[in-house]
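Enquirer: sequence? don't have it. structure:
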């Protein structure tokens, strides 16, 4: 432990948090340097760099070009599904973004306006994010292929003037047409965007709607012909950069807001101190820009730092095989990879002896970072064995925007404990408390909370909804942010995140609400009661399992109803839910007050040890649930 500078750095933050972040902020180019580091009177819990003025796009592109690094690679687009590999220099990226910024301005987009980006993993999506940042617009990326109803709720919440989309996305071997989904979403939404710009892809061209839809490339060529360009618009450090929606327990998505100033400071600090990346090195984050990991570490973090970022349109297996990740690392000389544990579980399942790895040379590769869900020790051990480099699990959330707890490679690695995300990053005081908000002893599981104020980079509120922000995150544990994760700290202060405390489940790194799925199940005409819980899955971490109780008098075959419900969830929430298992039961286990005992059901389904809850109404029901699960090949059977 003594070799790491972590303890000294963390103590420096604890002793003088404002001094710590003032020094970190010197790595950012400010239009007006902030005099105040933190103002506790602003916002819900205070705001960082409240009097600073800046522009995120300038820091990501212009300043590197002005420093003479315009010929350095900024973004490498690698798409095995289309056979394309394109390298964009910082100079070319800047030119692309300047033109797109001018196009957005021609569409009437001004500082503070919102733009939805509903696109696949193509460079134009990154240009769109940066172009919004350039002109001070607020972007909201919605994962490409999301179901129309989900997209419609986001349109109604953030009210975009413009939607940027593409004709299709490519998911492994499947081509998914986006335009029909977009059209249906706009039809469902009360708010209607003024315009849509559609990137036509040759795999599936779309029919454009007259008056509303504009062909991306034709619009682009027109702007180039007239030599249109755009300058960076000064924004306050506290102005929103983007909105990213995360599942809400009520089924209504929560619009996580990210500001400009604190976001830049935190991500820039993390690139060297946590990930140990130097400017000019090739870094690969195998995520999607629809998720926070893609925002922070495909786009903003590496570009703010002056690194080269790989953007991959493919899968860990099947495009073409389980050697895809090794091929990308080898082709581009990546020094580090950041992905979800799911990806490595899939690779291990297809190629357990890592035979495909022998085809490639990972000459410069020095670290694997995992996040998005809990990394199970067997997966970490396998990756350590086959790669021979540090495998670093770290923990963060959409809301925080960057790492809460990790093993800071740039400060010198701490000893690894499998199953632990290691230690809190500067900015985060992590406590584990009971229901009364009292600290629990080391090694005892409780609710993981973060002492306010949240650090730079974390969300200051939800989009135009301070009250919901307070209710959802701050009310339950006064003075703390509720992570809604459960876990413990050991005697060395290492953080172990064991699972969610509410009804959000992690399916292959995607946070999904079981409550939202239950709403879909309950909408079926034959269903009287239902429950959805996350069942442990070797590949995806968790998969949802639905239980239904049919209405009295229903005489239809339960197997047919179960199939209808699986399709219903696919239609309403999308394939990302991985919802395939519905079990019809006579009744659900409940407390005497009528609360469904989901936690106990989950333990039975996972084959874990469980004890009879003291508050249960009828103990025999749990035996019935166990038998039903056993009949479907799930769990221990009680």
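Expert: Yes, it's here. Note that the structure is predicted; figures quoted are calculated from it, not measured. Numbering: from 1, shown residues only.
Enquirer: need the contact list for the residue nearest to residue 305 when sequence neighbours are not counted.
Expert: Counting by Cβ to Cβ, 6 or more residues apart in numbering, the nearest residue to residue 305 once its immediate chain neighbours are dropped is residue 271, at 3.9 Å. Bear in mind the C-beta positions are built from the backbone N, C-alpha and C, glycine included. Under the criterion of Cβ atoms under 8 Å, 6 or more residues apart in numbering, the neighbours of residue 271 are 277, 283, 301-302, 304-305, 307.
Enquirer: same question, residue 283
Expert: 271, 275, 277, 297, 302, 307-310, 334-336, 338.
Enquirer: how far away is the residue located most distally from the centre of the chain from residue 526?
Expert: Distance from the C-alpha centroid of the chain peaks at residue 553, with 43.6 Å (Cα atoms, centre = their mean). The gap separating residue 553 from residue 526 is 10 Å, by Cβ to Cβ, to the nearest Å.
Enquirer: next one: residue 463
Expert: Residue 463 is 37 Å from residue 526, where distance means Cβ to Cβ.
Enquirer: of these two, who's got more company?
Expert: With neighbours defined as other Cβ atoms under 10 Å, residue 463 and residue 526 compare such that residue 463 has more, 24 against 17.
Enquirer: ranges for the helices of the stretch 251-400 of the chain?
Expert: All helices of the stretch 251-400 of the chain, identified by DSSP state H, counting those that start in this stretch, fall at 261-273, 292-294, 301-305, 324-332, 341-350, 377-387.
Enquirer: so the fourth one versus helix 341-350, what angle?
Expert: Relative orientation of helix 324-332 with respect to helix 341-350: 110 degrees, computed using axes from the mean of the first three to the mean of the last three Cα atoms, to 10 degrees.
Enquirer: quick one: helix 324-332 to helix 377-387, angle?
Expert: Angle of helix 324-332 versus helix 377-387, following the same axes, to 10 degrees, is 40 degrees.
Enquirer: and helix 324-332, what does it pack onto?
Expert: Packing partners of helix 324-332 (3 or more Cβ pairs under 8 Å, 6 or more residues apart in numbering; DSSP states H and E): strand 73-79, strand 282-285, strand 308-312, strand 336-339.
Enquirer: change it to 10 Å
Expert: Helices and strands touching helix 324-332, by 3 or more Cβ pairs under 10 Å, 6 or more residues apart in numbering; DSSP states H and E, are strand 73-79, strand 84-89, strand 282-285, strand 308-312, strand 336-339, helix 341-350, helix 377-387.
Enquirer: next SSE after the second one?
Expert: Same thing as strand 84-89. The helix or strand immediately downstream of strand 84-89 is helix 90-106, counting by DSSP states H and E.
Enquirer: average model confidence for that next one?
Expert: For helix 90-106, mean pLDDT rounds to 98.
Enquirer: Three-state assignment for the residue farthest from the centre of the chain, please.
Expert: Secondary structure, DSSP: H, G, I helix; E, B strand; the rest coil: residue 553 is coil.
Enquirer: how about it, phi and psi?
Expert: phi 90, psi -10 (degrees, to the nearest 10).
Enquirer: right, and residue 410 touches residue 277 too?
Expert: Yes: at 8.0 Å, residue 410 and residue 277 qualify as touching, with contact defined as Cβ atoms under 10 Å.
Enquirer: overlap in contacts, those two.
Expert: Common neighbours of residue 410 and residue 277 (criterion: Cβ atoms under 10 Å, 6 or more residues apart in numbering): 270-271.
Enquirer: okay, the two: which has more neighbours?
Expert: Just comparing residue 410 and residue 277: by other Cβ under 10 Å the higher neighbour count belongs to residue 277, 26 against 18.
Enquirer: all strands of the stretch 51-200 of the chain, in order?
Expert: For the stretch 51-200 of the chain, the strands defined by DSSP state E, counting those that start in this stretch occupy 53-54, 73-79, 84-89, 114-118, 138-141, 162-166, 168-171, 174-177, 195-199.
Enquirer: what are the contacting residues of the third one?
Expert: Put plainly, it is strand 84-89. 64-65, 69-79, 92, 94-96, 122-123, 126-127, 308-311, 313, 328, 331-332.
Enquirer: what do you get for the first one?
Expert: With contacts defined as Cβ under 10 Å, 6+ apart, strand 53-54 is touched by 25, 28-34, 232, 234-237, 239, 260-261, 264-265.
Enquirer: change it to 7 Å
Expert: By Cβ atoms under 7 Å, 6 or more residues apart in numbering, the list of residues contacting strand 53-54 from outside reads 28, 30-32, 234-237, 260-261, 264.
Enquirer: sitting in strands, which of these do you find?
Expert: Mapping the contacts of strand 53-54 onto strands (DSSP state E) picks out 235-236.
Enquirer: and this structure, what are its domains?
Expert: What automatic domain parsing lists as the domains of the chain is 6-314+394-474, 504-631.
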